[in-house]
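Asks: got a sequence here, can you build the structure:
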Amino acid sequence: MRRSPFSLEAEAGIGTLGAWAVHVFTASGVAWGFLALLAISRQQWMAALAWMGLAMLVDAADGTLARRLRVAQALPGFDGALLDNITDYFTYAVVPAWFVFQAGLLPPAAALAGALVILLTSAYQFAQADAKTDDHFFKGFPSYWNVVAFYFFVLGANPWLNLALLLGLSLLVFVPIKYVYHARTAAYRRLTLALSLVWAGMVVAIGARHPEVPQWLVGGSLLYVLYYAGISLCLTARPSPSPLEVPLEANPADQ
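Replies: Numbering: from 1, shown residues only. Now for the predicted structure:
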């Protein structure tokens, strides 16, 4: 059955509107990050972490939406991947750096240096041409500084220990370990996504019960962090597939 030109025009219009909606959704991460900065300036630490978490949730969903709605084809003149990187650098690096600096999570004498290390190493990581590999991994520590800031705050460890961990993670930016890209890495994707949802639920529960958080809840959430690190190391050690074995996906550059 031949389709009416009017229906084709309507679909094109819906596709364009949907594409712009996805871009606005991605850009909303900047708004949540800015609200986190306001909360930090008022020393509302849990509120700041909640805004950072919301920005992370947006980032977890926008790429999948962009690919399903074929945003790159609908708006070929707009660079969604660039918008995504700008938003992510702000929410994954700038906001957490300001958080750890202002919240006293680093030694006072080294707090500024620590924050600058986050910003500079993240700038390097985001600017790498192969920061996201052809087989859908992140190469080098993927600037999860919002997660790091969360655990620094919740665990309340010695600031010097926090600084040592911060420097260690910053060095890992330059080590070509392949870190799992939750939504796109094919290996163990269902397991990783399921555990990610459980971890997210635990993080919400920790935030809701802070400062009286059961140790088992924090420990359980850290088991997921160990899983993520372990599976990333195992998959890095595994021989890489040949180009013919890498699954093709439409427009991998979409956000």
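
Asks: how near is residue 85 to residue 66?
Replies: As defined by CB to CB, to the nearest Å, residue 85 lies at a distance of 13 Å from residue 66. (Each C-beta comes from the backbone N, C-alpha and C, glycine too.)

Asks: do residue 87 as well
Replies: Residue 87 is 13 Å from residue 66, by CB to CB.

Asks: find residues that contact each of those two.
Replies: residue 26 (CB atoms under 8 Å, 6 or more residues apart in numbering).

Asks: these two - which one has more neighbours?
Replies: Remark: of residue 87 and residue 66, residue 66 carries more neighbours, 26 against 23, as counted by other CB atoms under 10 Å.

Asks: is it true that that one touches residue 80?
Replies: Yes - contact criterion CB atoms under 8 Å: residue 66 and residue 80 qualify, at 5.8 Å.

Asks: could you list the low-pLDDT ranges of the stretch 151-255 of the chain?
Replies: 240-255 (pLDDT under 70).

Asks: all helices of this protein, in order?
Replies: 5-41, 45-68, 71-74, 80-89, 95-102, 111-127, 145-155, 159-172, 189-209, 215-237 (DSSP state H).

Asks: what angle separates the last one from helix 189-209?
Replies: I take that to be helix 215-237. 150 degrees (axes from the mean of the first three to the mean of the last three CA atoms, to 10 degrees).

Asks: which parts of helix 215-237 are buried?
Replies: 218, 221, 224, 227-228, 231-232, 235-236 (16 or more other CB atoms under 10 Å).

Asks: looking at the residues you listed, which is nearest residue 23?
Replies: residue 228 (28.6 Å; CB to CB).

Asks: how about that closest one: what's its closest non-neighbour residue?
Replies: Excluding the flanking residues, the one nearest residue 228 by CB to CB, 6 or more residues apart in numbering is residue 180, at 6.4 Å.

Asks: now for that neighbour: which residues touch it?
Replies: 137-138, 187-188, 192, 228, 231-232, 235.

Asks: hmm, try it at 10 Å
Replies: Residues in contact with residue 180 (CB atoms under 10 Å, 6 or more residues apart in numbering) are 136-138, 142, 187-189, 192, 196, 227-229, 231-232, 234-236.

Asks: and it, how far is that from residue 227?
Replies: 10 Å.

Asks: what touches both of these two?
Replies: In contact with both residue 180 and residue 227: 188, 192, 196, using CB under 10 Å, 6+ apart.

Asks: of those residues, select the buried ones using a PyMOL command.
Replies: Buried residues among the shared contacts of residue 180 and residue 227 (16+ other CB under 10 Å), as a PyMOL selection:
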select buried, resi 192+196
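
Asks: and which of the shared contacts of residue 180 and residue 227 is nearest residue 102?
Replies: residue 196 (28.3 Å).

Asks: in CSV: the shared contacts of residue 180 and residue 227, plus distance to residue 205.
Replies: Shown next, in CSV, are these (distance: CB to CB, whole Å):
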residue, distance to residue 205
188, 25
192, 20
196, 15
